[in-house]
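S.K.: Sequence first, predicted coordinates after that:
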Amino acid sequence: MIKKPLCILIIILIVAFPLGCAACVNEGGGEGLLIVAIAYAPYDFAKEVTAGTGAEVKMLLKPGTESHTFEPTPQDIIALEKCGLLIYTGGESDSWAQKILSGLSNKSLKTVVISEIEGICEEHGEEGHEGHSHEDPHYWTSLKNSRLIVSAIAQSLEEIDPENAPAYRENASAYNQKLLELDERFEELIAGAPRDTIIVADRFPLKHFVEDYGLKYYSAFDGCAAESEVPAATVALLSDKVRELNVPVVFIIELSNGNIAKTITQGTNAKIKTFYTCHNVAAADFERGLSYYDMMSENYRSLGEALI
């Protein structure tokens, strides 16, 4: 939720920076299209689609920070006044966006709202491992959804910047082929694996991933919960499952302290490995250019160890 002092500052900035243009000065000093994404996966998709075109891509979420308490800064508002395309998830997780967009003077700003892309997995209540329903806005954990997001970004950029349309189409097509091939590798791995269940000792923003491949799961939290304390009964259940199933790997998600996993794997041979959800990355990973494809490829390798 956006706090009142920030709302006042946003209004001041909007009045002070009436920059309703699709172009801006990029880091190299020249004129270029600015694309803004709220999370890491769509940020990386936009970089892939715009490669070689001179466009600048900015991520609003600061690397290494908690994604679920995001509040836009004054600098973020200025960026939105300058940008040509904003990519965000939509729904409750990005409730700030509509409030901000309605007040911008940049009326030429185009948006890609991931939850509204045709064909994307729609959010719906689903029974979790303890019978609670949850929603999951992390659509990009599904490689099938990711290809739809990439195509939607390319289509929007073609409309904004027709001159570079052939490059956007070519880049999107080549990248989607890579994602398709990785998706097929996941399908082959899981279809031939002796196990069909994973344990995630953490929040669970992986609903779209497990649905794609028919995987079962046990997790510390039902979905991407805001709570930080896991019930003792859940810890006991997970600990029992690690031993009952003799699991070789227990997963945590990126930026986690891993404390729950350490507890439930005590006295076992289970490894603790990170399963990347690609919502955000550590600052060091951002600086070295760890990509969505890199992270999903690492997930493939880790899953291979977890399902043996």
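M.R.: Ah, there it is.
S.K.: and the helix or strand residue 173 falls within, what does it pack onto?
M.R.: Assigned by DSSP states H and E, residue 173 belongs to helix 165-191. Contact analysis of helix 165-191 by 3 or more C-beta pairs under 8 Å, 6 or more residues apart in numbering; DSSP states H and E lists helix 40-50, helix 143-160, helix 207-213, helix 292-306 as its packing neighbours. C-beta: built from backbone N, CA, C; applies to glycine.
S.K.: Of the ones you listed, flag the one that's most buried.
M.R.: helix 40-50 (a mean of 26; mean count of other C-beta atoms under 10 Å).
S.K.: could you give the mean pLDDT of whichever helix or strand comes after that one?
M.R.: Per DSSP H and E, the first helix or strand lying C-terminal to helix 40-50 is strand 56-59. Average pLDDT, strand 56-59: 96.
S.K.: buried ones in strand 56-59?
M.R.: Within strand 56-59, the residues that count as buried by 16 or more other C-beta atoms under 10 Å are 56-59.
S.K.: what are the C-alpha coordinates of it, in CSV please?
M.R.: Extracted in CSV, the C-alpha atoms of strand 56-59 (Å, rounded to 0.1, in the frame of the first residue of the first chain):
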residue,chain,number,x,y,z
GLU,A,56,16.8,0.9,-22.3
VAL,A,57,15.2,-1.4,-19.8
LYS,A,58,14.7,-0.5,-16.1
MET,A,59,13.5,-2.6,-13.2
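S.K.: What helices and strands are in contact with the helix or strand just after the helix holding residue 173?
M.R.: Remark: after helix 165-191, the chain's next helix or strand is strand 197-200, criterion DSSP H and E. Here strand 197-200 touches strand 216-219, helix 232-244, strand 249-253, going by 3+ C-beta pairs under 8 Å, 6+ apart.
S.K.: please redo it, this time with the cut-off set to 6 Å
M.R.: strand 216-219 (3 or more C-beta pairs under 6 Å, 6 or more residues apart in numbering; DSSP states H and E).
S.K.: Apart from its neighbours in sequence, what residue is nearest residue 145?
M.R.: Nearest residue to residue 145 in three dimensions, chain neighbours excluded: residue 139, at 4.4 Å (C-beta to C-beta, 6 or more residues apart in numbering).
S.K.: So what does that neighbour look like in phi/psi?
M.R.: Backbone torsions of residue 139, given as degrees, to the nearest 10, read phi -60, psi -30.
S.K.: Thought residue 148 was touching it, still the case?
M.R.: No: under the criterion of C-beta atoms under 6 Å, residue 139 is not in contact with residue 148, lying 8.4 Å apart.
S.K.: Please enumerate the shared neighbours of these two.
M.R.: Shared contacts of residue 139 and residue 148 (C-beta atoms under 6 Å, 6 or more residues apart in numbering): residue 120.
S.K.: ok, residue 235 - how many residues close by?
M.R.: Around residue 235 there are 15 other residues, counting by other C-beta atoms under 10 Å.
S.K.: I should have written residue 112 there, sorry.
M.R.: Under the neighbour criterion other C-beta under 10 Å, residue 112 is assigned a count of 24.
S.K.: Touching, it and residue 155? I think so.
M.R.: No: counting by C-beta under 6 Å, residue 112 stays clear of residue 155, with 8.7 Å between them.
S.K.: Report the beta-bridge partner residues of the closest residue to residue 111 other than its chain neighbours.
M.R.: Leaving aside its chain neighbours, residue 111 sits nearest to residue 86 (4.9 Å; criterion: C-beta to C-beta, 6+ apart). The partner list for residue 86 in beta bridges (DSSP bridges) reads residue 36, residue 111.
S.K.: can you count the residues close to residue 86?
M.R.: Burial of residue 86 is recorded as 25 neighbouring residues (other C-beta under 10 Å).
S.K.: ditto for the one 3 residues further on
M.R.: Residues lying near residue 89 (other C-beta under 10 Å) number 24.
S.K.: What does the pLDDT read for it?
M.R.: On pLDDT, residue 89 comes in at 92.
S.K.: any weak-confidence spans in the stretch 151-300 of the chain?
M.R.: Scanning the stretch 151-300 of the chain with the threshold set as pLDDT under 70 gives 225-228.
S.K.: mind listing what residue 154 touches?
M.R.: By C-beta under 6 Å, 6+ apart, the contact list for residue 154 reads 49, 168, 172.
S.K.: next one: stretch 269-287 to chain centre, how far?
M.R.: 12 Å (C-alpha atoms, centre = their mean, to the nearest Å).
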